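Undergrad: how does the following fold in three dimensions:
(chains A and B)
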Amino acid sequence: GAVVSQHPSRVICKSGTSVKIECRSLDFQATTMFWYRQFPKQSLMLMATSNEGSKATYEQGVEKDKFLINHASLTLSTLTVTSAHPEDSSFYICSVRKNRFIADTQYFGPGTRLTVL
Amino acid sequence: SQQGEEDPQALSIQEGENATMNCSYKTSINNLQWYRQNSGRGLVHLILIRSNEREKHSGRLRVTLDTSKKSSSLLITASRAADTASYFCATGTKETSGSRLTFGEGTQLTVNP
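TA: The predicted structure follows:
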């Protein structure tokens, strides 16, 4: 397995502010990290794939200028929700994968609950 | 888009009974995985079955895969109250840029003590 942490676990912010969420791989070097969003009682929607040292690949419909992803090291990826609005309120989950080119198991963080007032 | 469809959406059983959840998908896959999510938490990987496998076991879990019907099932035997959670199937596909998982809508399992 793998141990993945996220920080913060819960954040409440005012509309218009920016929020940074961290995802850390604690026990191995993750070349690939994924960011998902999950609305209540719904499935996970992939937002973007980030590969260490290169730009993130965003899914269709996800604004890259609003959801900034940085994967500057093999153990840390950050997601910044810029100019947050109430509709950005959601559960954000990251995952890591050891091998870039094999559709293998992903290891998930505990998630971050974002509430935008 | 989510290609996995899960059935049923919700399942309520008594402790000790078996629980069966089904997943259907549309495109070719490398593997299919099942994950579990407790309310408000992250996902925990349960089992992975590759496209050339038909059945796999892990403890009380049994997964089958029928690539001709593009479907999979997850069986939890002798269920416990602690099995109460949402269960998601996810299909793994290989693309030129790497690979990704696409999640189904999930089945909410409630095991009553």
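
Undergrad: what's the next secondary structure element after the least confident helix or strand in chain B by mean pLDDT?
TA: Sorting the helices and strands of chain B by mean pLDDT, DSSP states H and E puts strand B:98-103 at the bottom, at a mean of 77. Note on strand B:98-103: by DSSP states H and E, the next helix or strand toward the C-terminus is strand B:107-112.

Undergrad: from the middle of its chain, how far away would that following strand be?
TA: A distance of 13 Å separates the centroid of the chain from that of strand B:107-112, by CA atoms, centre = their mean, to the nearest Å.

Undergrad: buried residues, it. List them.
TA: Within strand B:107-112, the residues scored as buried using 16 or more other CB atoms under 10 Å in any protein chain shown are B:107-109, B:111. All C-beta atoms are positioned from the backbone trio N, CA, C, and that covers glycine.

Undergrad: go on, stretch B:70-80?
TA: Residues of stretch B:70-80 classed as buried: B:70-74, B:76, B:79 (neighbour count, 16+ other CB under 10 Å).

Undergrad: which single one of the residues you listed is nearest to A:Glu59?
TA: Among the buried residues of stretch B:70-80, B:Lys70 lies closest to A:Glu59 (CB to CB), at 22.5 Å.

Undergrad: now that closest one: how far from B:Asn22?
TA: As judged by CB to CB, to the nearest Å, B:Lys70 and B:Asn22 stand 11 Å apart.
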